[in-house]
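Enquirer: need coordinates for the following:
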Amino acid sequence: MGDYANGAVWIVEGLLVFFILFKIFSARRGRELFIRRIAGLASLDDAVGRATEMGKPMLFAPGIAPVDIVGLQAMAILYHIVRRAAKYGTRIITTAADPVIYTVAEEVTKDAYAVEGVPEQFNPEDVRFLTDRQFAWASAFVGTIYRENVAAIFYFGYFFAESLILSENGQMAGAIQIAGTPSTTQIPFFLASCDYTIIGDEYYAASAYLSREPTLMGSLVGQDWGKLMVIGIIATGAIVATVVALTSGSHALQFLHDIARVLQTGFFRFFGGGC
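Expert: The predicted structure is shown next:
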């Protein structure tokens, strides 16, 4: 069974790669790919509009973790928000707890203003490194909420025990709040205190949803096809195993059952990291 399962690993992996590459090439050829509306990301423009109407600044928190895929996604979202803010001349303040994130955020902000043709709107003092200490950063962030009288707050990145401190104060200040984090232990707090919360894979789909870049779109849709394939393998294996158990003695069904077991074992080995 082990050798067959190893072969199934290559089959599952090959199909996943095929789906992703097929969708990427389709998107590059101009085919429209559908991504369902993600309410939290779609509301980013609404938050920018509200801050513009009120004549108040916005505040962006990229979490307290160092640079990784989560932090880079946060920078992609920051880039989108700054570009929207630049069109309306709305001020946005970014507060970092990591020196590398601070440097990246400064460059991302500067580039976003330049792309919109208003480089003079970039103010280096609006990209701030507060501290790398968790609750000291949280205290400084809360102080910024009240001192700057912000109208919209965005939380994107890794958050920990400080999440409720931040979002609860933002709610008391009357700001519209949008949050997104892969930290599952903090999602309940954002759900309770924010207007919109981005959950699970929606966070990682943010750059594709906002940019509509063909390669990112194709990769995202291709991964969804791969997930459907995996669900189909699991469901088929479960159904065949049930039928075999109820109608013992059928060699054809037993053969299908063995194939399903091999595919499922290969699937779990692939996603579990073993071969």
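
Enquirer: for the rest of this, base every contact and every neighbour count on C-alpha atoms.
Expert: Will do.

Enquirer: buried ones in stretch 129-142?
Expert: By 16 or more other Cα atoms under 10 Å, the buried positions in stretch 129-142 come out as 129-131, 134, 137-138, 141-142.

Enquirer: likewise for stretch 156-171?
Expert: Going by neighbour count (16+ other Cα under 10 Å), the buried part of stretch 156-171 is 156-160, 162-164, 166-171.

Enquirer: same thing with stretch 171-187?
Expert: 171, 173, 175-182, 186-187.

Enquirer: with stretch 70-82 instead?
Expert: Buried, per 16+ other Cα under 10 Å, within stretch 70-82: 70-82.

Enquirer: got it, and stretch 30-37?
Expert: For stretch 30-37, by 16+ other Cα under 10 Å, it's L33.

Enquirer: run the chain-centre distance for that stretch.
Expert: 18 Å (Cα atoms, centre = their mean, to the nearest Å).

Enquirer: endpoints of that stretch, how far apart?
Expert: Stretch 30-37 has its terminal residues 20 Å apart, counting by Cα to Cα, to the nearest Å.

Enquirer: ok, stretch 157-171 next?
Expert: 19 Å.

Enquirer: give me the distance from that stretch to the chain's centre.
Expert: Stretch 157-171 sits 18 Å away from the centroid of its parent chain (Cα atoms, centre = their mean).

Enquirer: ok, residues contacting that stretch?
Expert: Taking contacts as Cα atoms under 8 Å, 6 or more residues apart in numbering, the residues outside stretch 157-171 that touch it are 61-65, 70-71, 73-74, 134-135, 138, 141-142, 145, 153, 176-177, 180-183, 185-186, 189-190, 193-194.

Enquirer: give me the subset of the residues you listed lying in helices.
Expert: The helices, defined by DSSP state H, take in 70-71, 73-74, 134-135, 138, 141-142, 145, 189-190, 193 from those.

Enquirer: good, we can wrap up now.
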